[in-house]
Structure formats: structure tokens, C-alpha cells
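Student: Okay, here's the prediction I keep looking at, along with the sequence it came from:
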Amino acid sequence: MFLKFKFLPSSSSSKAASRVKLISSFTHSQNSAASNPRNEFSSLLRNQHKLTCSLPKSITNSSLMTRQVQTGRYEFLNEKCRSGNVTLDEVHNFFEYMVNLQPTPPISAFTILFGVLAKKKHYDNVILLSNRLNSIGLLPNLICFNILINCYCKMGRSCDGFVILGRILRRGFHPNPSTFNSLIKGLCTERKIKEATGLFKKMFVFGCVPDVVTYGTLIHGLCRTGNTNIALKLHEETVNGNGKFGAVCKPDVVYYGSLIDGLCKDSLVDRAKDLFLEMKSRQISPNAVVYNSLIHGLCVTGDWEEAKRFFIEMMDQGVRPTAVTFNVLIDDLCKEGKMKEANELLEMMIERGVNPSIVTYNTLMDGYCLVNKIGDAKKLFVSMESKGCRHDDFSYTILINGYCKNRKVVKATNLYREMISKGVMPTVITYNSLLSGNFREGKVEDARKLFDEMQLNNVAPDSIIYNTFIDGLCKNDFVQEAVEMFHTLKNSKFELIVKCFNPLVDGLCKSGRLKIAWKLFQRLPHEGLVLDVITYSIMINGLCKAGQLKMANHLLSDMEERGCAPNAVTFNSLLRSYFQNNETSKGVELLSKMVERNVMPDANTVSIIIDLLAKDENYRECLKLLPSFPIQK
């Protein structure tokens, strides 16, 4: 405590007492901060000028006072910032207070401010205040530079981070692992994996040995960008020290978690399981994140039993399942239509004190809709808010889509109106479901209104919306309107995809406008579009129905030459036409082509063959001609 004010003039006794109290607040900031940190901070700023002006010159110049105030200020700053109990305004005010002090506090005091701003993600403010320091001639230290690099990289500005690296080198500092870790992470986030790998190699040139964070960061970046094999190779070099630079690093749970997650996302679950066993053999205990990655990977690859085994092991090992763990398992059960088991897992989740999230409820609702239990989905939707879970756009869209697929468009529309009234904005997916539902019910005018509303609500139509709209118009015999929409899209330079044209070509063929359909079909490659099997199948079907079998057969050969493999739908159109025209030998020849190309027949193929046999008196002879298809596994 700052004491011994008895040499002050007696007339200033009251002032002295207040000065003692104020200076004491510097040295006992922790206690006062606990009582009312905001008031103390504000008081400190208000009284700083009064303090230095009212004290006798002998005291204000006293080295003892300077040391005590500096120490108190530093403790106050350090405690407040370390606790995180500081606002952006307080940091700015304290920064102004410090830059106006004489002598100016050391750079280490400012790095504390920058550190707390960075933790609170006020990256632009760190850069702003750092520039202020430069303007008053206070040069950053390595810690300050590292914070700046981290901020730039978090903002997606790794180029500016490298500018700071240049300043570090010019100042004669030696960059440390923290310097490079931020830059490597920034490059990985920007998907500049080649540059990140190059920087990793340059660390050794600077005499800086990568740490576990460096390796973990680069491995995570490699996995995220589809370079899992390179990540595995780096891992082997890391643990064995047999890499080019001979560096050895002891991996931690975060390191292994990144690699296991990357392998699972690449469907390399067996290799991920090997690494899981490896980390356990190194006495590294897996956490919930690692188990979640494995369980999710196993669910995606359809190995439910193994996923369940890991879930049980997780609990046996005392690792508490998170909401993510339960959501992954519930999602897999819902996709399989196992709603009873999914609900049992929900009950277990609640019993274990894990609160179901909006994702949990949305997943269950989607599951009910998939098995056509729309009533159960609605009940769950209604109960969500009573459980403290507010509906989001996914909640509404799932139920709207369920109603539309069950031909309950009125209920879907009412829910859409409720959605908007509650301030939840519909998405492209919401509108696509509603448009599909209305067109399916022949409500073309309602679909048009929805399309207009969509744009009024600032939801930009995408290629899927246009595909649905054009398809809906064509299927409801509004082909001309669909053609006009196509021309509007083309003139507006909207980035068209071939899926937008498929329903239009189909609509033109079915409405007897084969010539227009053929012209459009021929023009598509000139628009920079690659025709897919659906486009070819639609055109071949249109030609067959118009009796243009020779042309359709040529188109089949053309699609194969262009590397587009025909499917059962493509062959079925030609088969039906050949058999209807009593060209049985050509039909049988086409079936042989299907066998050669390993195209398995579908239900329609079988139906066409049965029709052929039923109308042919010599069906036994036909049977002998038919090729044998391999048995499907």
C-alpha cells in the first residue's frame, strides 16, 4: 500500500486522504474491481488528471510515486483484462489514458490490451490501436507483432500478416512458433494449402522448430482441402522423425482429432480407427470431439453397429457425450426410418443432462416427414417452443416440405405465412418446396405469386428455383411461358446450368414442338453447357415418340462417343419403340448392348419385355433370344 503522506500540508489533509484512497485503488485493484469494476475504472480515468495536478511537485516527480502508480496501473490492467471483464469502450478509454501518461508505459502494458481485444475478436480495433502506437513512436515487441499477425489472418488477410513478418525480421526479432502458427492457419483457412506447406518448410530455415500446434494446424488444413494422404505422410514423419528435417513432435488429442476427423470425412474410417488405437497406445485419451468424428464417419458409411459400439465405449470411458454425439446418432436413425430408436436416444439424451438443440428437434421432424408421419412432426414442432427451443428457418422448411409432399399445400402455405409473421425469413429451399407443391396441385397462379413474393423478400432465385419453375410450367402446359422465362434468364446473363434446360426440352417434346426442342438441344453445347444423361434421355424419348427411331439411335451413339453413359431410362425409350414397331431383333440387340455396358434393367425394362412376350405368339422363341443380365448384389 502507498503510505506516508504525513509530510503533506495539513490544509490539504482531506485531499491527501482522497489521494491515498485513489493511489490505493491502483495497488489494490483486484479487491475494488470485485466490488464494482466499472465504477472503479471510470473513477480512475476521471481522477487521473486531478491526481497529478493537485499533488506537490516533489511528490509528482517522486520516483517512488511513479513506481507505485505504474505498478498499480499494470496490476489493474492485467487483472481486468485477464478476467475478460472489460468492454470495448473501456479498452479504448484505458488506451487513451496510457498514451497520455508520462513516462509512457512499456509496450508490454499495451500488448495486454491487444491480447484481450484479439480474444474478443475485435481484430480491426487491434490494428487501429497498433497504428496509433506507431504514430507516437512506441515500437511493438514480438508478442505485439504476433497478435497483429493473428488478427490479420483471422480477418482473412494473410498477405498483411506477411507484411508484419517482414517488420519482425527488419527489427531483428526471431519469429517463434506462434508467429508461424498464425500464418499457417490463416493460409489454410484461405485454402492456400500449397503456400501453407511451403511456409512450414521455411520455418526450419529460420531456425524455428514447429510445435504440436504447427503440425496440428497444417494437418487440419491438409485434411480440409482433400489432401488427407499428405496429412498422413506428415503424421508419420512427425511421430517417427524420419522426415527431411528430422523434427519429432509429440502429438496431442487436438492433433489426432484433426487427422481422425479428416480421414472420416474422406470415408477412410478404417484408417481413422487405426489412428484411434495408436493415440490410445500413446496414452492420449480421446475426447468427445474424437469420438464424435468416428461415430459420424461410421454412420455415414452405414456401419451402425460399430458406431453404437464406439458410443457405448465413450460412456464406459467416462467421456460425456455432447449434443453433437446424440445428434449424429439420431440423424442416422431418422434417415433409416427408425423413429422409435431415435426417440429412445432423445430420452437418454435428456436423462443424461444434455439439452436437445434446435438441430436435434429439426432432425427428428425431418425423420417423421420421411416416414410420412406428418402429424408426429407437427406435434414435435408445436412442443419445441415450450421446451425453450425457438423455431428457425429449417424447422419451418422441414414441415412445409412435408406438407407439400403429402399434397397439403394449404397447410404448407399457412405455415409459410406464420413463418414470416414471426420474423423468420424463408430461404430458397422453403420457396422451392412451396413452388413444387403448388405446381404439383396445378396451382400455377399461386406459384407465380410465390415467385414474386420471393424476390420482394430479398431471396434471390437460384438455378434450382428456375429449374422447378420451368418444370412446373411445362408440366401444367404453360410451355410458352417457360420458353419466355428461359429467354429472360439468358438475356439477364444468369449463370444457367443444364438442369434448367431439361424440363424445357421435355416440355417442348411433350407439347409436340419437337423441332424447337431439337434446336434448343443442339444449342446447349454452344452455351458452354455439358449435356448430361437426363438431357440425352429426354431428347431420345421425344424422338422415339415422334417416330424418329433412326435419329434417336444416332443420338444414343453420339452420347456414348461424348463420354456420357446411357442408363436404363435411355434404353427403355428405344426398346419400347422398337417393340411397338415390331422390330424385335433390334430391341433384342439393344438389350445385349445394355448387358455389355453393365446397365441393369429397371422395373420399366421388365414391363416392356413382359408386354413384348404377351403380344407375341412365339414368345418362347423370343425368350431364347433375350440376353441374360447378371444378378444384382
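Tutor: Thanks, I have the structure now. Source: prediction; values computed, not measured.

Student: Buried residues of stretch 144-164, list them for me.
Tutor: 144-155, 157-158, 160-162, 164 (16 or more other Cβ atoms under 10 Å). C-beta here means a position set from N, CA and C on the backbone, and glycine is covered the same way.

Student: Please list the members of the residues you listed that lie in helices.
Tutor: 144-154, 158, 160-162, 164 (DSSP state H).

Student: among these, which two are most distant?
Tutor: Greatest spatial distance among these (Cβ to Cβ): C144 and S158, at 18.4 Å.

Student: Geometric centre of the protein: which residue is closest?
Tutor: The centroid of the chain falls nearest to R224 when counting by Cα atoms, centre = their mean (11.3 Å).

Student: who's in contact with it?
Tutor: 188, 191, 262 (Cβ atoms under 8 Å, 6 or more residues apart in numbering).

Student: switch the cut-off to 10 Å
Tutor: 188-189, 191, 193, 231, 258, 261-262, 265 (Cβ atoms under 10 Å, 6 or more residues apart in numbering).

Student: name the helices or strands packed onto the one helix or strand K550 maps to?
Tutor: Taking DSSP states H and E as the criterion, K550 maps to helix 549-561. Under the contact criterion of 3 or more Cβ pairs under 10 Å, 6 or more residues apart in numbering; DSSP states H and E, helix 549-561 touches helix 514-523, helix 533-545, helix 568-580, helix 584-596.

Student: For N401, find the nearest of those helices.
Tutor: helix 533-545 (22.5 Å).

Student: Now do the buried residues in that closest one.
Tutor: Neighbour count says helix 533-545 has 534-545 buried, by 16+ other Cβ under 10 Å.

Student: Point out where the stretch 201-350 of the chain drops to low pLDDT.
Tutor: 242-248 (pLDDT under 70).

Student: again, 80 this time
Tutor: Applying pLDDT under 80 to the stretch 201-350 of the chain flags residues 239-249.

Student: in stretch 129-144, what's buried?
Tutor: 129-130, 133, 138, 140, 142-144.

Student: If you could redo that for stretch 518-537, that was the one I meant.
Tutor: Buried, per 16+ other Cβ under 10 Å, within stretch 518-537: 518, 520-521, 524, 529, 531, 534-537.

Student: State the pair within the buried residues of stretch 129-144 that is farthest apart.
Tutor: L129 and L142 (17.6 Å).

Student: which residues of the stretch 51-200 of the chain fall in helices?
Tutor: 57-60, 63-83, 88-99, 107-119, 123-135, 142-154, 158-170, 177-189, 193-205 (DSSP state H, counting those that start in this stretch).

Student: what's the following helix or strand after the last one?
Tutor: For helix 193-205, the following helix or strand on the C-terminal side (DSSP H and E) is helix 212-224.

Student: any idea how far the closest residue to I147 other than its chain neighbours lies from N432?
Tutor: The shortest distance from I147 to any non-neighbouring residue, by Cβ to Cβ, 6 or more residues apart in numbering, is to F114 (4.7 Å). Note on F114: its distance to N432, by Cβ to Cβ, to the nearest Å, is 47 Å.

Student: okay, those two: which has more neighbours?
Tutor: F114 (28 against 21; other Cβ atoms under 10 Å).

Student: one step back: would you single out the least confident of the helices of the stretch 51-200 of the chain?
Tutor: Of all the helices of the stretch 51-200 of the chain, the minimum mean pLDDT falls on helix 57-60 (a mean of 37).

Student: how much space between the spatially closest residue to K593 that is not a sequence neighbour and L543?
Tutor: Excluding its sequence neighbours, the residue lying closest to K593 (Cβ to Cβ, 6+ apart) is F571, at 7.5 Å. To L543, F571 is 14 Å away according to Cβ to Cβ.

Student: who touches both of the two?
Tutor: Common neighbours of F571 and L543 (Cβ under 10 Å, 6+ apart) are L556.

Student: TSV for the buried residues of helix 533-545, including distance to D506 and pLDDT?
Tutor: As requested, the buried residues of helix 533-545 are exported to TSV (distance: Cβ to Cβ, whole Å; pLDDT from 0 to 100):
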residue	distance to D506	pLDDT
I534	9	94
T535	9	93
Y536	12	95
S537	10	95
I538	5	95
M539	9	95
I540	12	95
N541	8	95
G542	8	95
L543	13	94
C544	13	94
K545	11	92
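
Student: Turn those into a markdown table, columns for distance to V498.
Tutor: Below are the buried residues of helix 533-545 laid out as a markdown table (distance: Cβ to Cβ, whole Å):
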| residue | distance to V498 |
| --- | --- |
| I534 | 8 |
| T535 | 6 |
| Y536 | 11 |
| S537 | 12 |
| I538 | 11 |
| M539 | 12 |
| I540 | 16 |
| N541 | 16 |
| G542 | 16 |
| L543 | 18 |
| C544 | 21 |
| K545 | 22 |
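
Student: and the gap between the closest residue to M551 other than its chain neighbours and G297?
Tutor: Computed as Cβ to Cβ, 6+ apart, the closest residue to M551 that is not its neighbour in sequence is L543, at 5.1 Å. Counting by Cβ to Cβ, the gap from L543 to G297 is 46 Å.

Student: got it, and P177?
Tutor: 31 Å.

Student: same check, this time on L133
Tutor: For L133 relative to G297 (Cβ to Cβ), the value is 48 Å.

Student: likewise V595?
Tutor: In terms of Cβ to Cβ, V595 sits 37 Å off from G297.

Student: Which one's more surrounded, the two?
Tutor: Ranked by neighbour count (other Cβ under 10 Å), V595 and G297 place G297 first, with 26 against 15.

Student: so which strand or helix has that one?
Tutor: Here G297 is assigned to helix 288-300, by DSSP H and E.

Student: next SSE after that helix?
Tutor: Next along from helix 288-300, by DSSP H and E: helix 304-316.

Student: what's downstream of that following helix, the next helix or strand?
Tutor: helix 323-335.

Student: Check which helices and strands that following helix is in contact with.
Tutor: Counting by 3+ Cβ pairs under 10 Å, 6+ apart, helix 323-335 packs on helix 288-300, helix 304-316, helix 339-351, helix 358-370.

Student: closest one to S383 among those helices?
Tutor: helix 358-370 (8.5 Å).
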